[in-house]
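In: Okay, sequence plus prediction incoming.
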Amino acid sequence: MTDDFVRIDKVTRRFTQPTPWTEHVMARFGVEPPARTVHAVTNVSLGIKRGEALGLVGESGCGKSTLGRILCGIIPPTEGHVSIGGEAVTQGAKKATRRVQMVFQNPFASLNPRMPIGAAIGEGPLAHGLVSRAELAPYIRSWLERVGLPADVAERYPHQFSGGQRQRVAIARALAMQPDVLVCDEPVASLDVSIQAQILNLFLTLREELDLTLLFISHDLGVVRHICDRVAVMYLGRIVEEAETASLYDSPAHPYTRALLDSIPRLEADGSEAQFKAIAGELPSPLRPPPGCAFHERCPLAFDLCHSEVPLLKTIDRSDQHRAACHALR
Ligand SMILES: Nc1ncnc2c1ncn2[C@@H]1O[C@H](COP(=O)(O)OP(=O)(O)O)[C@@H](O)[C@H]1O
Ligand SMILES: [Mg+2]
């Protein structure tokens, strides 16, 4: 599609560990070395329109963060291209580092413990010339207020805040860079459930006020539902389903998406938690992705073809907005 603001085009990322010398020795004796290449992301294509929020969900280890880091220019793809507004994302380029900002799961790890939070929020915008030194203090105050923090906390240090407040600081720091795209990598996963709702509401408000283009990563389908216009489901490095949010939740097509939806804990009317089904089996190792459809070992619908041929993403509805990669959907 041509009106995509963010383009992720056939992106693959592998991580290859160096071979230790012991294995060279073992190889001489005919011992087969273990697999050393992690297939973290395989042939992923996604587009995000300007102002749109795309959710990226899947179990831990399926490659979500790797894709987010590639989009931010933190690591390069092994193959494929990423562009924002028609411009390629290149690692380390000053403009690229400002245009895409990332909010991480653990705000403690992403904030310098020795730097007052106001300085942390202001350093990037100052370095990129977004604000003058004279205007810096009011600039920082305005971002603190925008994320729901008192304007007079700029001199405090990260440890003086609660987890939820610290995540607000991290969000302010990312947004103060006036990015075109915000990548949120499990931004509420480390927070108490009651705080999660507050931070999710903050994202909703900010989305509307700032017309943000978002990639919102979560292992929890329940979390992305409220934030995102569209959702992509990832399994072992590949996108297995992609649809508008309502369509995905109302009529999930891929057996993996269905299993994920069944595994969301739900509250019953009486307040008790409904029994939910865990997905049978384990995520296969990305060191040795299974042949064919990576989900076939856990799939109730799998048949011969699924063991040998990788299913391609295909449109499954007339609106052309809902795509799934499953041989059983023919
Ligand atoms: N720098 C790295 N070196 C080696 N393997 C990595 C690296 N980063 C991620 N991986 C591996 O890539 C796979 C996908 O990881 P990740 O993108 O973090 O998944 P997710 O965010 O969905 O949990 C995992 O098997 C992980 O161990
Ligand atoms: Mg991750």
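Out: Okay, I see it. Ligands and ions are numbered 1, 2, ... in the order given.
In: CA atoms for contacts and neighbours, from now on please.
Out: OK.
In: for the helix ranked longest in the chain, packing partners?
Out: Longest helix in the chain, counting residues (DSSP state H): helix 193-210. The helices and strands touching helix 193-210, judged by 3 or more Cα pairs under 8 Å, 6 or more residues apart in numbering; DSSP states H and E, are helix 163-175.
In: just how off-centre is the helix it packs on within its chain?
Out: Chain-centre distance of helix 163-175: 17 Å, with Cα atoms, centre = their mean, to the nearest Å.
In: which residues in the protein form strands?
Out: Here the chain has its strands, by DSSP state E, at 4-16, 37-49, 53-57, 79-84, 87-88, 100-103, 181-185, 213-218, 230-235, 238-244, 314-315, 323-324.
In: Reformat these as JSON lines; add distance to Ser308 and mean neighbour count.
Out: Output for these, formatted as JSON lines (distance: least, Cα to Cα, whole Å; neighbours: other Cα atoms under 10 Å):
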{"stretch": "strand 4-16", "distance to Ser308": "20", "mean neighbour count": "19"}
{"stretch": "strand 37-49", "distance to Ser308": "17", "mean neighbour count": "19"}
{"stretch": "strand 53-57", "distance to Ser308": "25", "mean neighbour count": "27"}
{"stretch": "strand 79-84", "distance to Ser308": "23", "mean neighbour count": "19"}
{"stretch": "strand 87-88", "distance to Ser308": "35", "mean neighbour count": "13"}
{"stretch": "strand 100-103", "distance to Ser308": "37", "mean neighbour count": "25"}
{"stretch": "strand 181-185", "distance to Ser308": "33", "mean neighbour count": "24"}
{"stretch": "strand 213-218", "distance to Ser308": "30", "mean neighbour count": "25"}
{"stretch": "strand 230-235", "distance to Ser308": "17", "mean neighbour count": "24"}
{"stretch": "strand 238-244", "distance to Ser308": "16", "mean neighbour count": "25"}
{"stretch": "strand 314-315", "distance to Ser308": "18", "mean neighbour count": "17"}
{"stretch": "strand 323-324", "distance to Ser308": "18", "mean neighbour count": "24"}
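In: and those strands as CSV, adding distance to ligand 1?
Out: Compiled in CSV, the strands of the chain are given as follows (distance: least, Cα to the nearest ligand atom, whole Å):
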stretch, distance to ligand 1
strand 4-16, 5
strand 37-49, 4
strand 53-57, 8
strand 79-84, 15
strand 87-88, 21
strand 100-103, 13
strand 181-185, 8
strand 213-218, 8
strand 230-235, 8
strand 238-244, 11
strand 314-315, 23
strand 323-324, 19
